[in-house]
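Colleague: need coordinates for the below:
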Amino acid sequence: MERTSVAVVGAGPAGLAVGACLRRASVDFVILEKAQHVASSWRRHYERLHLHTVKQLSSLPYLPFPAGYPRYVPRHLVIEYLETYAETFDLKPRFGEAVRAVRRTGSGWTVESTSSAIEASHVVIASGFNAEPVMPDMPGMATFKGKVLHSADYVNARPFDGQSVLVVGMGNTGAEIALDLCESNARATISLRGGVHIAPRDLFGIPIQIAATLATKVFPISVNDAIFPLVLDLALGYPARYGLKRPKEGILRQIARSSKIPVLDVGTVQKVAEGAIKIAPGVSAVTENGVLFEGGQAGEFDAIIFATGYRPNYRDFLAAGDSSDGLHFVGFKNPVTGLLREIAHEARRVADRITAR
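Modeller: Numbering: from 1, shown residues only. Modelled structure (predicted):
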């Protein structure tokens with residue numbers, strides 16, 4: 001049985017940030033990663049993806065993004081940065097090590113992975129929000145003659161040239177995939193169940209991340225939730241006119257309750273306003289040639305892309321009720337100020353707690 005002070009599960013941004021903080025504190029650790037590379041979730045995202053938060057507020061501890069990177073860092077440069085980060089702090093994750101079980105044993109923890117068993121005083125769960133795609137089981141799915149995929153498998157719009165494509169769900173991923181399709185000679189429709197909060201990535205020239213951070217420091221949630229809709233409607237041209245209605249729950253209260261951040265618009269709203277991207281109700285069933293929408297309307301499509309999100313996977317290996325001293329979570333809070341910024345803060349706090357003990 002191998003022994004270490006800290007076992008870190010995951011070599012994405014959260015796991016790497018924790019590793020760097022532990023390295024700086026001279027604490028021994030092991031990082032276990034089921035994939036064969038760091039930043040595995042970033043590698044499988046669609047090509048046009050960029051950070052929606054500014055690089056100055058999105059870097060991990062002790063290593064800022066390079067000055068030559070753009071304000072909103074593209075996917076391939078995020079991967080490059082994370083590879084450099086691992087090298088800079090000599091992190092050396094153990095790849096191909098899927099964690100099978102994490103359980104309390106005596107005063108510490110035992111972590112069982114693909115080829116090893118490790119005893120540790122502390123375990124950091126850093127496997128991330130986007131560990132496993134969530135694919136809904138809709139009536140009639142097996143009868144559809146076209147292509148069905150989850151957004152996790154979407155790379156670019158080339159395979160859908162000239163096709164009619166339904167994107168189910170309008171989070172940031174669904175909105176941007178629909179925009180990608182629209183700009184690449186595909187006919188895109190977004191199926192939207194309920195409402196959606198939308199904010200421009202830049203609000204009157206100021207990154208929305210910075211504006212939101214300042215606002216949350218000055219005003220309570222209730223005040224911001226009353227003010228934001230007025231400001232955002234003005235900035236976006238009142239998107240409810242085009243079927244993009246917002247939920248009843250306020251934007252900040254929704255983030256606090258479910259970590260569901262608003263859609264940060266990079267052009268989708270304008271395409272909806274132009275009629276280039278259609279908005280449809282939620283899907284009630286899938287047919288041979290398309291779908292039935294709520295309310296009875298039918299639509300024919302060549303492909304359906306489910307942008308229906310992800311779920312964390314730590315419940316698969318962590319026994320229910322196993323929570324006590326020495327178990328830490330990093331990367332599972334997604335505040336309005338940005339996930340990577342929060343990861344950087346959490347990693348420092350967790351490393352400080354581990355060092356203190």
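
Colleague: for the rest of this, base every contact and every neighbour count on C-alpha atoms.
Modeller: Noted.

Colleague: pLDDT wise, what is Asn130 at?
Modeller: The score at Asn130 is 83. That number is its pLDDT.

Colleague: swap in Ser323?
Modeller: Model confidence at Ser323, given as pLDDT, is 58.

Colleague: check Thr213 too.
Modeller: We have a pLDDT of 87 for Thr213.

Colleague: what kind of secondary structure is it in?
Modeller: helix (DSSP: H, G, I helix; E, B strand; the rest coil).

Colleague: repeat that for the one 10 residues further on.
Modeller: When the structure is split into helix, strand and coil by three-state DSSP, Val223 lands in helix.

Colleague: burial count for it?
Modeller: If you count neighbours by other C-alpha atoms under 10 Å, Val223 ends up with 13.

Colleague: do the same with Val231
Modeller: 13.

Colleague: which helix or strand contains Leu149?
Modeller: strand 147-150 (DSSP states H and E).

Colleague: packing partners of the helix or strand following that strand?
Modeller: Counting by DSSP H and E, the element after strand 147-150 in chain order, helix or strand, is strand 164-168. Packed against strand 164-168 by the contact rule (3 or more C-alpha pairs under 8 Å, 6 or more residues apart in numbering; DSSP states H and E) you find helix 172-182, strand 187-191, strand 303-306.

Colleague: now do 10 Å
Modeller: In terms of contacts (3 or more C-alpha pairs under 10 Å, 6 or more residues apart in numbering; DSSP states H and E), strand 164-168 is packed against strand 147-150, helix 172-182, strand 187-191, strand 277-280, strand 290-293, strand 298-300, strand 303-306.

Colleague: quick one: low-confidence ranges for this structure?
Modeller: The model of the chain has pLDDT under 70 over residues 320-324.

Colleague: how does it divide into domains?
Modeller: As assigned by automatic domain parsing, the chain contains the domains 2-131+312-356, 133-306.

Colleague: end to end, how far does the shortest one reach?
Modeller: Terminal residues of domain 133-306 are spaced 10 Å apart (C-alpha to C-alpha, to the nearest Å).

Colleague: you'd agree Ala298 is up against Thr287?
Modeller: Yes - counting by C-alpha atoms under 10 Å, Thr287 is a contact partner of Ala298 at 9.0 Å.

Colleague: for Gly309, phi and psi?
Modeller: Reported as degrees, to the nearest 10, the phi and psi values for Gly309 are phi 90, psi -170.

Colleague: now do the one 4 residues further on
Modeller: Taking degrees, to the nearest 10, you get phi -110, psi 10 for the backbone angles of Asn313.

Colleague: mind listing the helices for the stretch 51-200 of the chain?
Modeller: 75-88, 172-182 (DSSP state H, counting those that start in this stretch).

Colleague: a markdown table for the ones you listed, including distance to Pro247 and mean neighbour count?
Modeller: Listed next are those as a markdown table, based on distance: least, C-alpha to C-alpha, whole Å; neighbours: other C-alpha atoms under 10 Å:
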| stretch | distance to Pro247 | mean neighbour count |
| --- | --- | --- |
| helix 75-88 | 30 | 17 |
| helix 172-182 | 16 | 24 |
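
Colleague: can I get those helices in TSV including distance to Arg23?
Modeller: Output for those, formatted as TSV (distance: least, C-alpha to C-alpha, whole Å):
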stretch	distance to Arg23
helix 75-88	11
helix 172-182	34
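
Colleague: right, so of those helices, which gets closest to Lys271?
Modeller: Among the helices of the stretch 51-200 of the chain, helix 172-182 comes nearest to Lys271, with 7.5 Å by C-alpha to C-alpha.

Colleague: what angle do the closest one and strand 187-191 make?
Modeller: Computed with axes from the mean of the first three to the mean of the last three C-alpha atoms, to 10 degrees, the direction of helix 172-182 lies at 160 degrees from that of strand 187-191.

Colleague: now could you export just the CA positions of helix 172-182 as CSV?
Modeller: Only the C-alpha atoms of helix 172-182 are listed here, as CSV (Å, rounded to 0.1, in the frame of the first residue of the first chain):
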residue,chain,number,x,y,z
ASN,A,172,-23.5,28.6,-23.0
THR,A,173,-22.7,25.4,-24.9
GLY,A,174,-26.0,25.2,-26.7
ALA,A,175,-26.0,28.9,-27.6
GLU,A,176,-22.5,28.8,-29.0
ILE,A,177,-23.0,25.6,-31.0
ALA,A,178,-26.2,27.0,-32.5
LEU,A,179,-24.2,30.1,-33.5
ASP,A,180,-21.4,27.9,-34.9
LEU,A,181,-23.9,26.0,-37.0
CYS,A,182,-25.6,29.2,-38.2
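
Colleague: now it against strand 164-168, angle please.
Modeller: Using the same axes, to 10 degrees: helix 172-182 against strand 164-168 is 170 degrees.

Colleague: residues near His70, how many?
Modeller: Wrong residue type there; residue 70 is Pro, not His. 13.

Colleague: that one against Val54, yeah?
Modeller: Yes - Pro70 is within contact range of Val54, at 8.8 Å (criterion: C-alpha under 10 Å).

Colleague: could you spell out the sheet neighbours of the strand holding Leu149, each with its direction?
Modeller: Next to strand 147-150 in the sheet, as set by DSSP bridges, lie strand 303-306 (parallel).

Colleague: coming back round to it: I'd like the helices and strands packed on strand 164-168 as JSON lines, with distance to Ser258 appended.
Modeller: Output for the helices and strands packed on strand 164-168, formatted as JSON lines (distance: least, C-alpha to C-alpha, whole Å):
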{"stretch": "strand 147-150", "distance to Ser258": "22"}
{"stretch": "helix 172-182", "distance to Ser258": "15"}
{"stretch": "strand 187-191", "distance to Ser258": "21"}
{"stretch": "strand 277-280", "distance to Ser258": "24"}
{"stretch": "strand 290-293", "distance to Ser258": "26"}
{"stretch": "strand 298-300", "distance to Ser258": "31"}
{"stretch": "strand 303-306", "distance to Ser258": "20"}
